[in-house]
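# after the sequence you'll find the predicted model.
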Amino acid sequence: MAIEWDGSARQLHLQNGQVSYVLRVLEDGSLGLLHFGAPLAAGRSYRHLGRSGFAGFSNRLDDPIALDYPTAGGGDYRMPALVIQQADGTSVLALRYVSHRIVPGKAGIAGLPSTYVESADEATSVEIRLADAPSGVEVQLTYTIFRDQPIIARQARVRNGGSTRVRLTTAMSASLDLPDSDWLLLQLSGAWARERHVTNRRLAPGRQSTASLRGASGHEHDPSLILRRPATTETAGEAYAFSLVYSGNFLAEAEVGPFATTRVRLGINPEGFGWVLEPGEAFNTPEAVLAYSAHGLARLSAAYHALYRERLARGSWRDRPRPILINNWEGTYFDFDEAKLVEIATVARDLGIELFVLDDGWFGARDDDTTSLGDWMVDRRKLPNGIDCLARRITDLGLGFGLWIEPEMVSQQSRLFAEHPDWAIGVAGRPRTESRQQLVLDLSRPEIVDHLFTVLSEVLVSAPISYVKWDMNRNITEPASLGLPPDRQGEFFHRYILGVYDLYARLTAAFPEILFESCAGGGGRFDPGLLAYAPQAWTSDDTDAIERLRIQWGASLLYPLSSMGAHVSAVPNHQTGRRTPLATRAAVAFFGVFGYELDATNLSAVERAEVAEQVAFYKAHRDLLQRGSFVRLRSPFEDDGNETAWMVVSEDRRQAIVGFYRTLNRPNPGVNRLRLRDLDPARAYRVTPWPAGTGTVERDNAAVRGGDELAEIGLFLDVDRHETAGQGDYWAQLFVLEAE
Ligand code: GLA
């Protein structure tokens with residue numbers, strides 16, 4: 001891994017044998033991009049990949065020159081990376097190279113989450129300084145290449161080096177031009193309870209994007225953009241990914257220009273954004289993480305999984321086995337008391353579950369979602385002996401105790417709102433829009449973050465709490481802050497997220513032994529930004545096993561299994577009304593951070609035995625299921641989506657677990673073979689089906705098979721014609737593979 005500077009070509013080449021990023025200072029001093037993608041040899045000039053004799057846009061308007069971090073007003077009519085309104089009201093900007101510095105390792109970004117290294121030899125960075133002389137605007141672009149992954153992380157810092165105030169209206173984290181437009185844009189989109197569905201569309205001239213204006217990254221779109229060739233598969237073909245380490249309003253855009261080139265932009269959504277920089281002040285953009293694969297989507301995902309699991313997530317829980325939890329939300333909703341909770345926990349303990357999580361409803365006087373958010377004092381009607389006593393009774397059972405909080409919110413019916421009505425976000429003279437009967441606290445104001453840190457710290461020291469579920473159940477409306485003057489209201493959304501990060505940073509630092517799980521009505525803020533503080537997240541409020549196939553498959557494009565909370569819930573399912581077998585629910589939830597979301601006291605004796613066996617299975621394979629490499633085999637988004645298959649493989653390739661899922665049963669089915677990947681072709685594997693049954697699928701596969709055979713021929717999924725009916729719908733079969 002190295003970053004080379006070729007002074008005669010004025011070229012910077014970031015390369016590690018897996019990816020190359022080649023920048024060049026063009027004749028007019030602007031920063032050109034010669035290449036991002038396949039690894040190129042070091043020690044060569046790639047100057048010819050740009051246009052020779054380029055004299056700047058003044059003589060050649062609209063030239064399809066590939067730029068990096070472009071600005072507007074100089075004849076490049078594609079969308080700019082940076083727009084700054086200056087004292088004279090104009091926004092023309094021409095950034096020119098000043099200097100650069102190559103440094104070992106990687107620095108953090110003040111106030112913002114970012115990927116990191118643990119030793120300087122894991123990455124190399126280059127800081128490139130650019131400046132616009134007339135305005136005094138200075139930009140420092142930082143690019144990091146990691147030693148072990150085809151990944152480039154980048155970020156921009158904009159400083160007002162002039163003598164008058166300026167106003168940023170666009171400040172992207174990354175922008176670059178690719179030389180053609182023969183791409184499908186793969187986005188992870190959906191809505192509440194059906195987050196991160198894979199959607200592909202062909203790029204067309206003009207702009208195509210996903211974005212958020214909600215004050216959160218949102219259920220609707222992941223803050224990322226993937227480009228794949230139309231023929232790219234999981235294992236072959238080119239693909240790029242651009243992922244934003246951010247939890248607020250974002251824009252991910254591909255723009256196809258008139259000469260069929262593609263400009264990618266990723267960063268804070270410019271819509272509604274405005275940030276004032278007084279002379280000497282600076283602004284940091286969030287980090288963008290870019291990856292390239294010549295070997296299909298699988299290679300991209302593997303790169304993100306490794307980086308996000310080990311060098312974005314942090315803290316004492318990053319590498320530790322995550323506990324199997326039981327959460328009472330779907331089991332009791334708001335209707336519980338101490339005896340009921342201890343009863344659930346006792347059954348859970350007997351089944352081998354390790355952590356009991358008390359969800360919403362333990363504080364204030366909260367019997368439904370109309371009251372008490374903001375009043376983080378225990379409700380003595382439900383828990384007369386307090387959280388401490390409950391937590392001790394549960395820890396005395398041998399379980400960990402976890403607690404739900406929703407720090408950013410306030411109910412109009414609450415003591416906090418009565419005392420501080422002005423702490424809720426809103427615009428003076430306009431009614432505030434309620435959502436789920438609640439308002440959002442203005443976390444852009446430091447005194448409100450301080451208050452939350454104090455009251456939440458009091459809760460967290462008051463009892464033996466080892467886990468926190470931090471929820472966030474509504475998006476922002478009437479965005480405005482009393483803490484900001486009129487000309488700085490455009491800073492509100494970003495300052496809100498900075499406040500969220502500040503509170504997360506302070507609480508995780510003060511309580512390093514607590515495992516934090518983020519949540520936003522399920523996956524409404526499931527993004528790399530929060531992963532830096534909370535190593536796992538509640539992937540979706542949808543606990544239906546069949547719906548989860550698509551949600552978890554989509555999330556797996558970028559996120560590791562260790563980040564995805566996945567629970568078994570009761571049937572009929574509370575989101576879909578569907579009745580899936582208990583084994584199927586577990587077979588899906590195993591591929592994530594496993595748990596239960598039900599009233600365990602309602603389980604029959606037969607179900608209890610089954611759950612105990614599931615818990616034991618997960619414990620036996622936990623390391624593999626939380627830290628192994630995840631391989632997608634059969635997509636629920638392709639063909640008719642009736643079958644899904646995936647697997648997880650240990651680093652040494654000696655162990656693997658394959659999951660196969662069939663939504664609807666079909667009579668008289670065709671021949672069905674499932675070819676596996678990433679096994680060692682030279683090894684023989686003992687195949688053990690789970691759950692153990694008596695059907696042909698189990699019988700035919702329960703044996704020792706070569707890794708080569710499993711890859712080239714596959715597992716048999718053919719069902720004996722007479723057994724088809726017995727299997728029914730929503731059928732799942734796992735196969736545990738152990739090298740002999
Ligand atoms: C959100 C969460 C759920 C649950 C409820 C409680 O919807 O996603 O898991 O915690 O809030 O109100």
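Cool, the structure landed.
# just the C-alphas of the helix or strand in which Tyr308 is found, formatted as CSV.
Using DSSP states H and E, Tyr308 falls within helix 296-311. Taking Å, rounded to 0.1, in the frame of the first residue of the first chain, the C-alpha atoms of helix 296-311 are listed here in CSV:
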residue,chain,number,x,y,z
GLY,A,296,-18.8,-8.8,-8.3
LEU,A,297,-20.9,-7.5,-5.4
ALA,A,298,-19.5,-10.1,-3.0
ARG,A,299,-16.1,-8.6,-2.9
LEU,A,300,-17.5,-5.1,-2.2
SER,A,301,-19.6,-6.4,0.7
ALA,A,302,-16.7,-8.4,2.2
ALA,A,303,-14.6,-5.2,2.2
TYR,A,304,-17.3,-3.1,3.9
HIS,A,305,-18.1,-5.9,6.4
ALA,A,306,-14.4,-6.1,7.5
LEU,A,307,-13.9,-2.4,7.7
TYR,A,308,-17.2,-1.5,9.4
ARG,A,309,-17.0,-4.3,11.9
GLU,A,310,-13.4,-3.8,12.9
ARG,A,311,-12.4,-0.2,12.0
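# so which other helices or strands are in contact with the next helix-or-strand element following it?
Once helix 296-311 ends, the next helix or strand along the chain (criterion: DSSP H and E) is strand 325-327. Contacts defined by 3 or more C-beta pairs under 8 Å, 6 or more residues apart in numbering; DSSP states H and E place strand 325-327 against helix 338-351, strand 355-358, strand 400-405, strand 593-597. Using the backbone N, CA and C atoms, a C-beta is placed for each residue, glycine as well.
# go through the lengthiest helix in the chain and flag the buried ones.
Longest helix in the chain by number of residues, with DSSP state H as the criterion: helix 605-627. Residues 610-611, 613-615, 617-618, 621-622, 624-627 are the ones in helix 605-627 that count as buried (16 or more other C-beta atoms under 10 Å).
# now do stretch 4-21
Applying 16+ other C-beta under 10 Å to stretch 4-21 flags 6, 9-16, 18-21 as buried.
# what about that stretch, start to end distance?
By C-alpha to C-alpha, to the nearest Å, the extent of stretch 4-21 from end to end equals 11 Å.
# how about Pro286, nearest residue that isn't a chain neighbour?
Nearest residue to Pro286, sequence neighbours excluded (C-beta to C-beta, 6 or more residues apart in numbering): Tyr246, at 3.9 Å.
# now, which of the buried residues of stretch 4-21 lie within helices?
Among these, no member falls in helices (DSSP H).
# run through the neighbouring helices and strands of the longest helix of the chain.
Using 3+ C-beta pairs under 8 Å, 6+ apart, helix 605-627 sits against helix 338-351, helix 582-589, strand 593-597, strand 655-662.
# list the strands paired with the next helix-or-strand element following it, with their directions.
Of the helices and strands lying after helix 605-627 in sequence (DSSP H and E), the nearest is strand 629-634. Here strand 629-634 is paired, per DSSP bridges, with strand 643-649 (antiparallel).
# lowest-scoring secondary structure element of the chain by mean pLDDT?
In the chain, the helix or strand scored least confidently by mean pLDDT, DSSP states H and E is helix 724-727, which has a mean of 74.
# buried residues, that one. List them.
For helix 724-727, by 16+ other C-beta under 10 Å, it's Thr724, Gln727.
# so what strands line up beside the next helix or strand after that helix?
Sequence order places strand 731-739 as the next helix or strand after helix 724-727, per DSSP H and E. Using DSSP bridges, the strands paired with strand 731-739 are strand 655-662 (antiparallel), strand 684-690 (antiparallel).
# which neighbouring elements make contact with whichever helix or strand comes after the shortest one?
Next in sequence after strand 684-690, counting helices and strands by DSSP H and E, comes helix 696-701. Using 3+ C-beta pairs under 8 Å, 6+ apart as the contact definition, the elements that helix 696-701 packs against are strand 684-690, strand 715-716, strand 731-739.
# and the least confident helix or strand of the chain, what other elements does it pack with?
Using 3+ C-beta pairs under 8 Å, 6+ apart, helix 724-727 is in contact with no helix or strand.
# quick one: contacts of it?
Around helix 724-727, the neighbours that count as contacts under C-beta atoms under 8 Å, 6 or more residues apart in numbering are Arg662, Asn665, Arg666, Pro667, Asn668, Pro669, Gly695, Val719.
# count the residues that sit near the residue lying closest to Leu443 once chain neighbours are set aside.
Nearest non-adjacent residue to Leu443, counting by C-beta to C-beta, 6+ apart: Gly499, 3.2 Å away. Per other C-beta atoms under 10 Å, the neighbour tally for Gly499 reads 23.
# wasn't Gly499 part of a helix?
Yes. The assignment for Gly499 by DSSP: H, G, I helix; E, B strand; the rest coil puts it in a helix.
# residues contacting it?
Gly499 touches Leu443, Ser444, Arg445, Pro446, Ile448, Val449, counting by C-beta under 8 Å, 6+ apart.
# quick one, phi psi at the first one?
The phi/psi pair for Leu443 (degrees, to the nearest 10) reads phi -80, psi 0.
# do the same with the one 5 residues further on
Main-chain dihedrals, Ile448, degrees, to the nearest 10: phi -80, psi -40.
# swap in Pro70?
According to degrees, to the nearest 10, Pro70 has phi -80, psi 160.
# how near is it to Gly728?
57 Å (C-beta to C-beta, to the nearest Å).
# up against the ligand, what does the chain have?
Applying C-beta under 6 Å from any ligand atom, we find that the chain lies next to the ligand at Trp329, Asp359, Asp360, Trp404, Asp471, Asn473, Cys519, Gly521, Gly522, Trp538, Asp541.
# burial count for the first one?
So that's Trp329. Neighbour tally, Trp329, other C-beta under 10 Å: 23.
# show me what contacts it?
For Trp329, counting by C-beta under 8 Å, 6+ apart, the contacting residues are Asp359, Asp360, Trp404, Glu597.
# partners of the last one in the sheet?
For Glu597, the beta-bridge partners are Ser569 (DSSP bridges).
# that one contacts Asn327, doesn't it?
Yes. If you go by C-beta atoms under 8 Å, Glu597 and Asn327 touch, sitting 4.9 Å apart.
# which residues do the two both contact?
Common contact partners of Glu597 and Asn327 (C-beta under 8 Å, 6+ apart): His567.
# before we move on, the earlier item: so what pLDDT did the residue nearest to Leu443 get?
Gly499 is assigned 98 on the pLDDT scale.
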